Structures are given as C-alpha cells and as structure tokens.
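Enquirer: coords please:
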Amino acid sequence: MTGADEAGPVVRDEAVVSRSAPVGRVLAGLGALVLGALTVVAWSSGGGSDRDAGLAEEGARLFAAKGCATCHNGPGTTARVGVGPNLADLVDVADQRREGLSARDYVVESILAPDAFTVPGYPSSGPMSGMPTLDVSTGEVDALVSYLLDG
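Expert: Below you'll find the model as predicted:
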C-alpha cells in the first residue's frame with residue numbers, strides 16, 4: 001500500500017479505490033431522492049397553473065367541437081346563432097344560479113343534465129328551448145368547466 005499522505009487514489013492489492021467515488025455516489029443518490037420528492041409534491045398539488053391553463057385550453061377546443069359555441073358566447077368567443085345564455089361571464093353568476101350549488105357544481109349539472117334548470121329569460125318549452133344532452137367524458141366535463149370558470 002502507498003503512503004496515506006499522497007494525493008490521488010489509494011492502491012490496495014492492485015485495486016484502485018478513488019477517495020471521491022463513495023461521496024459522489026452518495027451525493028448523486030441524495031440529489032435523485034430530492035428531485036423525486038419535489039416531483040411527487042408538484043404532481044400531488046395538481047401541477048399548478050400550467051395544468052389549469054392546459055385544461056382550460058382543452059375546454060375551449062371542446063366548446064367549439066361539441067357545438068356549444070353555436071348557441072352560447074364563451075370566454076373570448078361569440079356564438080354563431082346566439083340563442084342560448086351568454087356563458088362569457090359565467091364565473092360571475094354561476095354560484096348564484098341554483099341555491100345550494102357551487103359554481104362548479106352548477107356548471108357540471110348544466111352540462112350533464114341541461115334540463116335541470118332553465119336560465120330566467122330563456123324558454124323552457126317550444127322549438128328553441130332546452131340544450132341537448134352532450135356525449136362527454138368526465139375529463140371533457142372538467143375541461144369545459146375549467147374553460148368556462150377559469151378561462
């Protein structure tokens with residue numbers, strides 16, 4: 001074995017052992033552990049505003065694709081026909097439309113069970129009444145709600 005006061009690797013029985021290798025491995029492992037923990041925290045908190053913005057953008061796409069924009073104004077959009085309630089400022093009135101329902105619950109109900117409530121001033125019967133029941137998944141409902149309330 002060479003002297004302990006020499007710099008560099010220590011040679012033992014013809015094997016080279018670096019003094020910094022164990023420390024480097026520990027630091028790399030510790031860094032990976034911290035990064036993993038931060039990733040878990042970010043995912044469990046919902047991903048933040050980037051996730052919300054992406055959901056609202058998907059909702060805006062669905063608002064057009066599902067035909068909502070034919071009858072309703074939406075945030076940043078104008079209806080083609082305009083026979084339904086204006087949804088552009090829904091965030092300001094949704095929590096007041098149905099007693100006991102939050103804004104989110106009201107919008108979800110309006111999408112999934114459109115006949116459950118008719119906005120005052122709009123016909124509840126006749127050829128121009130009612131909104132069709134949409135074929136939407138839970139994820140699509142979440143995206144539409146995000147667009148209408150956060151978009």
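Enquirer: lowest confidence element among the helices and strands of this protein?
Expert: None of the helices or strands of the chain scores lower by mean pLDDT, DSSP states H and E than helix 21-44, at a mean of 45.
Enquirer: buried stuff in stretch 76-93?
Expert: The neighbour-count check on stretch 76-93 (16 or more other CB atoms under 10 Å) flags 77, 79, 84, 85, 87, 88, 90 as buried. (Each C-beta comes from the backbone N, C-alpha and C, glycine too.)
Enquirer: In contact with the second one, which residues?
Expert: Yep, that's residue 79 we're talking about. 69, 70, 71, 72, 73 (CB atoms under 8 Å, 6 or more residues apart in numbering).
Enquirer: Count the neighbours of the fourth one for me.
Expert: With neighbours defined by other CB atoms under 10 Å, the count for residue 72 comes to 23.
Enquirer: And for the third one?
Expert: Using other CB under 10 Å, residue 71 has 17 neighbouring residues.
Enquirer: On the three-state scheme, the residue nearest to it when sequence neighbours are not counted is what?
Expert: Excluding the flanking residues, the one nearest residue 71 by CB to CB, 6 or more residues apart in numbering is residue 84, at 3.6 Å. Following DSSP: H, G, I helix; E, B strand; the rest coil, we place residue 84 in the coil state.
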